[in-house]
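Engineer: Make a model of this:
(4 chains)
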There are 2 protein chains.
Amino acid sequence: MATRTRRSQRRTDALTRERIVEAAVELLDSAGDGGLTFKTLTERLKTGPGAIYWHVANKDELLEAATDGVVAAALAVEPDGTPRDEIRALAFSLFDAIDEHPWLGTQLAMQFSRNPWGTVVPRIFESIGRRVRGLGLPESSWFIATSALVHYILGAAGQNAANARSAGRGVNRAEFLDATSKAWERLSREDYPFLHAIADQVREHDDREQFVAGIDFILAGVITDRSAT
Amino acid sequence: MATRTRRSQRRTDALTRERIVEAAVELLDSAGDGGLTFKTLTERLKTGPGAIYWHVANKDELLEAATDGVVAAALAVEPDGTPRDEIRALAFSLFDAIDEHPWLGTQLAMQFSRNPWGTVVPRIFESIGRRVRGLGLPESSWFIATSALVHYILGAAGQNAANARSAGRGVNRAEFLDATSKAWERLSREDYPFLHAIADQVREHDDREQFVAGIDFILAGVITDRSAT
DNA sequence: ACCTGAACACCGTTCAAGT
DNA sequence: ACCTGAACACCGTTCAAGT
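Structural biologist: All right, here's what the predicted structure looks like:
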């Protein structure tokens, strides 16, 4: 108890990189994509912009660190089960992370398209790729299989989050799916026959079930590829 | 000749939405992602910001229109061949468009993650999905198959463009692949065994060949899925 | 070493005023 | 109906000055 008290007395008020990143994540979570500015950040941390720039090079680095932290946590799944099971688990974990932090979809897309050599992209590739290696494919298809899985996971999860976000907090899944369906039906039938054809299907699907179905047939394609070689 | 002259005399100086979008695309092409501002745009069009706002609601709408225009052109491939061939052709067309307009990768990611109900996303889904429908799958997997293909295509093409861009204009493919490979090898070997394992492979691969290999095994997965049903 | 906060350059957007 | 351009609110970033 004495040490407890002493510990809590040792004030951790000092600004650190971690505290800044933590605050950034909280702001993004509560106020969305545009909620993180140096104004909101300095208000929350009760400092000036200069103090933040002492710990962080610029806003891009801050966004990368915030994204990286959330992603790293999501990728820390217990390593048991077959490679296939673990890939599924990682996919769901990323899916849930994007669902929980809607800004993550946009940020991940950004990291992939303008900062592929940063920390986030290698981390995701490594995590999925390590399991892909366990599938017994020829080495020549490791990268392409990993790439297909990663792009599908992030794309599908991100789109799901985008839809969910645009539906608003109070609206439930069914209403939002109905809205998507209706949006597609509003498009011209001649120009968009396919979207009209699947509009009904979208109304009554299960997001996660459909999501994992996509994973499964990418895996099926990989396996087929293996037997063909 | 007379009509020729008269035609060129009929000055098309008037500001139109199309001219604005056209100028936006040119600015993005020549100056990259950050090259489009209202300042550069008004300078090029010799007007004030108010004139642009008369034709376009805001910058987001302008970016959507610019993206949509380039995408629509890329998707206009001649409709002959098997569904499989046409999917491949569309994929390459999008790949090339992103390669030619590097800003497109980021913009497409943005459209998908924050504006999925705009014009761009439905257009791409429709275009790929229409061919997926021709593959003879059960209707229940149309959407998921299309989704996997679209996300893979945009993700892989975008990443390729991002890499190519970060390599710079003067640097050739081999040097840039070498740089990627080296970047991965700089990562800790314990934390990133997979990236180390494929670092060599990346050095001597063919982008387009690898890209279409990904398409092919997603298609293989889809077909496998069909026979399993 | 770490923080303050005024100042700077730039950005998207608005709007009263013109034609 | 279409355009002008000054003005506004806001943004990321810098830096001389403090402790």
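
Engineer: Can you tell me the element residue A:69 falls in?
Structural biologist: Secondary-structure element containing residue A:69, defined by DSSP states H and E: helix A:59-75.

Engineer: can you tell me if that helix touches DNA strand D.
Structural biologist: Yes - judged by C-beta under 7 Å from any atom of the strand, helix A:59-75 and DNA strand D are in contact via A:59-60. The C-beta positions use only the backbone N, C-alpha and C, and glycine is treated the same way.

Engineer: what's downstream of that helix, the next helix or strand?
Structural biologist: helix A:83-100.

Engineer: which helix is the longest one in chain A?
Structural biologist: Counting by DSSP state H, the longest helix found in chain A is helix A:142-167.

Engineer: now the angle between helix A:142-167 and the following helix or strand past that one, please.
Structural biologist: Note on helix A:142-167: by DSSP H and E, the next helix or strand toward the C-terminus is helix A:173-186. Direction vectors for helix A:173-186 and helix A:142-167, defined by axes from the mean of the first three to the mean of the last three C-alpha atoms, to 10 degrees, enclose an angle of 100 degrees.

Engineer: The next helix or strand after helix A:173-186 packs against which elements?
Structural biologist: Moving toward the C-terminus from helix A:173-186, the next helix or strand (DSSP H and E) is helix A:193-203. Contact analysis of helix A:193-203 by 3 or more C-beta pairs under 8 Å, 6 or more residues apart in numbering or on different chains; DSSP states H and E lists helix A:173-186, helix B:120-133, helix B:142-167 as its packing neighbours.

Engineer: which parts of helix A:193-203 are buried?
Structural biologist: Residues of helix A:193-203 classed as buried: A:194-199, A:201-202 (neighbour count, 16 or more other C-beta atoms under 10 Å in any protein chain shown).

Engineer: Repeat that for stretch A:98-105.
Structural biologist: In stretch A:98-105, counting by 16+ other C-beta under 10 Å, buried: A:98-99, A:101-105.

Engineer: Out of those, the closest to DNA strand C would be?
Structural biologist: When the buried residues of stretch A:98-105 are compared for distance to DNA strand C, the smallest value, 18.9 Å, is given by residue A:103; criterion: C-beta to the nearest atom of the strand.

Engineer: Using CSV, write down the CA coordinates of stretch A:147-154.
Structural biologist: Extracted C-alpha coordinates of stretch A:147-154, given in CSV (Å, rounded to 0.1, in the frame of the first residue of the first chain):
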residue,chain,number,x,y,z
SER,A,147,-1.0,-9.3,-50.6
ALA,A,148,-4.4,-10.5,-51.7
LEU,A,149,-5.4,-11.4,-48.2
VAL,A,150,-4.2,-8.1,-46.7
HIS,A,151,-5.8,-5.9,-49.3
TYR,A,152,-9.1,-7.8,-49.1
ILE,A,153,-9.1,-7.6,-45.3
LEU,A,154,-8.4,-3.9,-45.1
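
Engineer: Give the buried residues for it.
Structural biologist: For stretch A:147-154, the neighbour count (16+ other C-beta under 10 Å) marks A:147-154 as buried.

Engineer: The helix holding residue A:69 near chain B at all?
Structural biologist: No - counting by C-beta under 8 Å from any C-beta of the partner chain, chain B is not contacted by helix A:59-75; separation bottoms out at 11.0 Å.
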